[in-house]
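**Student:** here you go, sequence then predicted model.
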Amino acid sequence: MKKRPQSRVIRFLLENSAFLIIGAAIGLVWANVDHESYEFIKETPAFHINHVPVSLHFLINDIAMAFFFLLAGKEIREAMLPKGALSSVRTAALPITATLGGMAGPAIIYFAGTLVFNAPELTRGWAIPMATDIAFSYLIARLVFPQIGGKSHPAIVFLLLLAIADDAGGLIVLASFYPQEVHNLLPFLHGIHPMSVFVIGAGIAIALALFIWKKLKITNFWPYLMIPGVISWLAFHEGGIHPALALVPLAWCMPHEHSDVGIWAVGESEGQDTLNRMENWWKSPVELILGLFGFVNAGVAFSALGLGTWLVFFGLLFGKPIGIVLFTKIGQAFGLRLPKGMHTMDLIIVGIAAGIGFTVALFVSVVAFPAGAIQDSVKMGALFSFIVAPITIIASLILGIRRRAIQNSAKK
């Protein structure tokens, strides 16, 4: 039976993260047309839990985004399985080395900028330009690099490895360097040290999921989310760790395949294991969640342009490719090798494409700064990173990436 045209349109929107762009665009336009009503809808609490305001912003950023990071954790977990992208030290060593450069370069440019322009109030945002938006970078890479012999260009695989490692590094940075102000949802926890709540609660959640649930041979993903997941979320929230990261440990606890076929490969996510069934169920809802995330976070007045905007944007535009290329060359000097068929020109384009930081950069902006002028200015830098997409395409045309790849393929 043929799919209806509207079904194909919806599927295209879901598979290409279009809802995120649409949501961000609506938020940006609304905030500039009627900022007061936009802030009212976003921030006005619908209700309170033990004096904690529960607004649309809280529901999206602190609760719903936990499922986005769970899917990110799922990709990292599967990449570490046998045959996975990060399972072999030999395969993963150079992309991971490049990732370190791709995280260090933007952070150094941003931090150096705060020193040069004497802006200590912006220092806390050093991690904002470290992020790579894996979905959008992948889409641009697919446009730039041609298929060779029916297979993806090795530069695309390299970018995916880099982006997966970048996600892992970003989660570590968020959990380690951006503790949250503690607001007790549960009154009986008042007076207990937040870190004790986090350690005990997260430990109970992981023990439940990893040992008891598996021992009982529970293969449905809902029990993992409803009990260990809720306990983990409360532990993160009460412990001062951003609760959006709370479900990531469950990616290591759910039953999974014994090997990985590769991120976005044909057949990926078709397994009947608990982890893949969880992804299949949540994949489309998460795209809608990202649309709402874009709406509540991208609504910034154009007047918010400031130093923070340019530090984030130039960190992504220049720091990413410089860091990735430099660290890759250092890795090569120590005997590591680029994938067969990938050359320095390809590496440069990969570095530029990795400068699209949109989703995670927006998220870190909200975590790093309280609502206000500084947060809005760095958000604009995250939004501006979309400009990297056409820059990547133009650079690839100037360097003749597609023509070079086709010529090299014809010589073989």
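**Tutor:** It's in. Numbers count the residues shown, from 1 in each chain.
**Student:** show me the contact partners of the helix or strand containing I352.
**Tutor:** Taking DSSP states H and E as the definition, I352 sits inside helix 344-353. Contacts to helix 344-353, defined as CB atoms under 8 Å, 6 or more residues apart in numbering, come from residues 102, 137, 140-141, 144-145, 153-155, 158-159, 162, 317, 320-325, 328, 338, 388, 391-392, 395-396, 399-401, 404-405. (Glycine included, C-beta is placed from N, CA and C.)
**Student:** can I take it that I140 is in a helix?
**Tutor:** Yes. Applying DSSP: H, G, I helix; E, B strand; the rest coil, one finds I140 inside a helix.
**Student:** restricted to helices, list the contacts of helix 344-353.
**Tutor:** 102, 137, 140-141, 144, 154-155, 158-159, 162, 320-325, 328, 388, 391-392, 395-396, 399, 401, 404-405 (DSSP state H).
**Student:** weed out the non-buried ones from these.
**Tutor:** 102, 137, 140-141, 144, 154-155, 158-159, 162, 320-325, 328, 388, 391-392, 395-396, 399, 401, 405 (16 or more other CB atoms under 10 Å).
**Student:** and the contacts of whatever helix or strand comes next after the helix holding I352?
**Tutor:** Downstream of helix 344-353, the next assigned helix or strand under DSSP H and E is helix 358-368. By CB under 8 Å, 6+ apart, the list of residues contacting helix 358-368 from outside reads 20, 24, 61, 65, 68, 124-125, 127-133, 135-136, 167, 170, 174, 178, 180, 242, 244, 290, 293-294, 297-298, 312, 316, 375, 378-379, 381-383, 385-386.
**Student:** geometric centre of the protein: which residue is closest?
**Tutor:** V360 (4.5 Å; CA atoms, centre = their mean).
**Student:** how much space between that one and E39?
**Tutor:** Note on V360: its distance to E39, by CB to CB, to the nearest Å, is 23 Å.
**Student:** just L28 next, same as before
**Tutor:** 14 Å.
**Student:** looking at those two, which is more packed in?
**Tutor:** L28 (21 against 15; other CB atoms under 10 Å).
**Student:** name the element that one belongs to?
**Tutor:** Assigned by DSSP H and E, L28 falls in helix 18-33.
**Student:** which parts of whatever helix or strand comes next after that helix are buried?
**Tutor:** Toward the C-terminal end, the helix or strand that comes next after helix 18-33 (DSSP H and E) is helix 35-43. Buried residues in helix 35-43, counted by 16+ other CB under 10 Å: Y38, K42.
**Student:** just the CA trace of helix 35-43, in PDB.
**Tutor:** Provided in PDB are the C-alpha atoms of helix 35-43 (Å, rounded to 0.1, in the frame of the first residue of the first chain):
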ATOM      1  CA  HIS A  35       8.600  39.200  23.600                       C
ATOM      2  CA  GLU A  36       6.400  39.700  26.600                       C
ATOM      3  CA  SER A  37       3.800  37.100  25.500                       C
ATOM      4  CA  TYR A  38       6.600  34.700  24.400                       C
ATOM      5  CA  GLU A  39       8.200  34.800  27.900                       C
ATOM      6  CA  PHE A  40       4.800  34.500  29.500                       C
ATOM      7  CA  ILE A  41       4.000  31.200  27.700                       C
ATOM      8  CA  LYS A  42       7.500  29.900  28.200                       C
ATOM      9  CA  GLU A  43       8.200  30.800  31.800                       C
END
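**Student:** cross the contacts of helix 358-368 against helices and list the overlap.
**Tutor:** Short answer: the contacts of helix 358-368 in helices (DSSP H) are 20, 24, 65, 68, 135-136, 167, 170, 174, 290, 293-294, 297, 312, 375, 378-379, 381-383.
**Student:** and for F334, the neighbour number?
**Tutor:** F334 has 9 nearby residues by other CB under 10 Å.
**Student:** distance of it from F69?
**Tutor:** Note on F334: its distance to F69, by CB to CB, is 33 Å.
**Student:** and for I324?
**Tutor:** 23 Å.
**Student:** next one: I398
**Tutor:** In terms of CB to CB, I398 sits 36 Å off from F69.
**Student:** more neighbours, the two?
**Tutor:** The neighbour comparison of I398 against F69 (other CB under 10 Å) goes to F69, with 24 against 8.
**Student:** pretty sure that one is touching V248, no?
**Tutor:** Yes. With contacts counted by CB atoms under 8 Å, F69 reaches V248, the gap being 5.5 Å.
**Student:** dump stretch 283-291 to CSV, keeping only the CA atoms.
**Tutor:** Provided in CSV are the C-alpha atoms of stretch 283-291 (Å, rounded to 0.1, in the frame of the first residue of the first chain):
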residue,chain,number,x,y,z
LYS,A,283,12.7,8.4,18.0
SER,A,284,9.7,10.3,16.6
PRO,A,285,8.5,11.8,19.9
VAL,A,286,12.0,13.0,20.6
GLU,A,287,12.0,14.9,17.2
LEU,A,288,8.8,16.7,18.4
ILE,A,289,10.4,17.3,21.8
LEU,A,290,13.3,18.9,19.9
GLY,A,291,10.8,21.1,18.1
